[in-house]
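J.: Predicted model and sequence below, questions to follow.
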Amino acid sequence: MKTSIATILTLCLGATPLLAESHASGDPEAGEKVFRKCKSCHMITDDEGNDIQKGGRTGPNLYGIFDRVAGSVEDYRYGDSIVAAGEAGLKWNEEDFVAYLADTKGFLADYLDQTSAKSKMSYRLKDEDDAKDVWAYLVSVGPEVEMEAEADAETEEEAKPTE
């Protein structure tokens, strides 16, 4: 019995790093390098105001982008189409993020079923692997990973046998 509990705990604890990566298929380290292209317009600043990546303010802060409603960062003036996409239910995930970066106007036109949709973002990242890597990087520095790590630590603590 003790052996099977120990085996289960080992398997669960070994899977912890996978939880942080479960929202992204790319390489966060490679994504950090590719993000250098993005930081002329975007920054990554956490909720306490700490800069993870200093950058421009032309685009919205990308901290916590995973599962965030599109066009919803406070105090940022988005274009009408991205706000409409958010209102229509667009929440950022890897698949939509990658498609958006490849063709922002085309993505919004398809999502909203409006050929007149526009995007204020002129930069395109057409390389799918690069876009997946950027997504992985953004997720890796976001609050979701911190919350998962805290939850995992609590689970580990609860799972420890009492002496």
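T.: Yes, it's here. Residues are numbered from 1 along each chain as shown.
J.: Run a quick neighbour tally on Met121.
T.: 18 (other C-beta atoms under 10 Å). Heads up, the C-betas are built off the backbone N, CA and C, glycines and all.
J.: all helices of this protein, in order?
T.: For the chain, the helices defined by DSSP state H cover 2-14, 16-21, 28-34, 80-87, 94-102, 104-112, 128-140, 143-159.
J.: What is the burial count for the nearest residue to Thr58 once chain neighbours are set aside?
T.: Nearest residue to Thr58 in three dimensions, chain neighbours excluded: Cys41, at 4.1 Å (C-beta to C-beta, 6 or more residues apart in numbering). Neighbour count of Cys41, defined by other C-beta under 10 Å: 17.
J.: and what of Asp67?
T.: Around Asp67 sit 12 other residues, with neighbours defined as other C-beta under 10 Å.
J.: ok, now which ones touch Pro143?
T.: By C-beta atoms under 8 Å, 6 or more residues apart in numbering, the contact set of Pro143 is 46-47, 63-64.
J.: Just to check, Ile82 is in contact with Phe107?
T.: No. If you go by C-beta atoms under 8 Å, Ile82 and Phe107 don't touch, sitting 9.8 Å apart.
J.: Comparing these two, which residue is more hemmed in?
T.: The residue with more neighbours, out of Ile82 and Phe107, is Ile82; 25 against 22, by other C-beta under 10 Å.
J.: Now do that one, the pLDDT please.
T.: If you check Ile82, the pLDDT there is 98.
J.: Now do the contacts for it.
T.: Contacts of Ile82 by C-beta under 8 Å, 6+ apart are 70-71, 108, 119-120.
J.: One more pass at 6 Å, please.
T.: Listed by C-beta atoms under 6 Å, 6 or more residues apart in numbering, the contact partners of Ile82 are 70-71.
J.: Same check on Phe107?
T.: Going by C-beta under 6 Å, 6+ apart, Phe107 touches 99-100.
J.: Could you do Leu90 as well?
T.: Residues in contact with Leu90 (C-beta under 6 Å, 6+ apart) are Ala70.
J.: Please apply the same query to Ser119.
T.: With C-beta under 6 Å, 6+ apart, Ser119 has these contacts: 104-105, 108.
J.: Would you confirm that Glu144 contacts Asp67?
T.: No. Counting by C-beta atoms under 6 Å, Glu144 stays clear of Asp67, with 7.4 Å between them.
J.: of all the contacts of Pro143, which comes closest to Leu125?
T.: Nearest to Leu125 among the contacts of Pro143, counting by C-beta to C-beta, is Tyr63 at 18.7 Å.
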